[in-house]
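A.B. asks: structure of the sequence below:
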Amino acid sequence: MSDEPNKHRFLTIDQAAEELNVKQSLIRSLIRSGELRGVQVGGRGVWRIGANDLEDYIAEAYRRIAERVAAGDLQDDGESEAQ
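C.D. replies: The predicted structure follows:
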C-alpha cells in the first residue's frame, strides 16, 4: 500500500481483498480465524479492516514464510523440477 494522502484508515472487505489480490471469502475467513483483525461496524456483515492491520498481517505472513524457508520446510516450485 502506498502512502497516498487520500488513503483511508479503514478498508472494506472488498478493498482488502483487492489489495491482496484474493477473494472476499478469504478475507472473511481470515477475520473469522483471528489471523486478520477486523471490526464489525453497525449492521450485520459490515466489516472494516484497519490499513495498519492489513500491513501487520502481510508482515507476519512474510515472517512466517521466511522461517519456513530457513527451516527447509518450503521449496520453490521450480526447485523440485530441477532435481
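A.B. asks: now the top strand by length along the chain, how far from the centre of its chain.
C.D. replies: As assigned by DSSP state E, the longest strand anywhere in the chain is strand 47-50. Distance of strand 47-50 from its chain centroid, counting by Cα atoms, centre = their mean, to the nearest Å, is 12 Å.
A.B. asks: offset the numbering so it begins at 12, please.
C.D. replies: Okay, using 12 as the starting number, the last item reads as strand 58-61.
A.B. asks: ok, that strand: who's next to it in the sheet?
C.D. replies: Its sheet considered, strand 58-61 pairs with strand 21-22 (antiparallel), strand 50-51 (antiparallel) by DSSP bridges.
A.B. asks: C-terminal to the first one, what's the next element?
C.D. replies: The one in question is strand 21-22. Once the chain leaves strand 21-22, the next helix or strand it forms, by DSSP states H and E, is helix 24-31.
A.B. asks: packing partners of that next one?
C.D. replies: Packed against helix 24-31, as judged by 3 or more Cβ pairs under 8 Å, 6 or more residues apart in numbering; DSSP states H and E, are the following elements: helix 35-44, strand 58-61, helix 62-82. Using the backbone N, CA and C atoms, a C-beta is placed for each residue, glycine as well.
A.B. asks: could you dump those to JSON lines with distance to residue 20, mean pLDDT and mean neighbour count?
C.D. replies: Below are the helices and strands packed on helix 24-31 laid out as JSON lines (distance: least, Cβ to Cβ, whole Å; pLDDT from 0 to 100; neighbours: other Cβ atoms under 10 Å):
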{"stretch": "helix 35-44", "distance to residue 20": "17", "mean pLDDT": "97", "mean neighbour count": "15"}
{"stretch": "strand 58-61", "distance to residue 20": "7", "mean pLDDT": "97", "mean neighbour count": "19"}
{"stretch": "helix 62-82", "distance to residue 20": "6", "mean pLDDT": "95", "mean neighbour count": "13"}
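A.B. asks: please convert the ones you listed to JSON lines, extending it with distance to residue 27.
C.D. replies: Below are those laid out as JSON lines (distance: least, Cβ to Cβ, whole Å):
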{"stretch": "helix 35-44", "distance to residue 27": "5"}
{"stretch": "strand 58-61", "distance to residue 27": "5"}
{"stretch": "helix 62-82", "distance to residue 27": "6"}
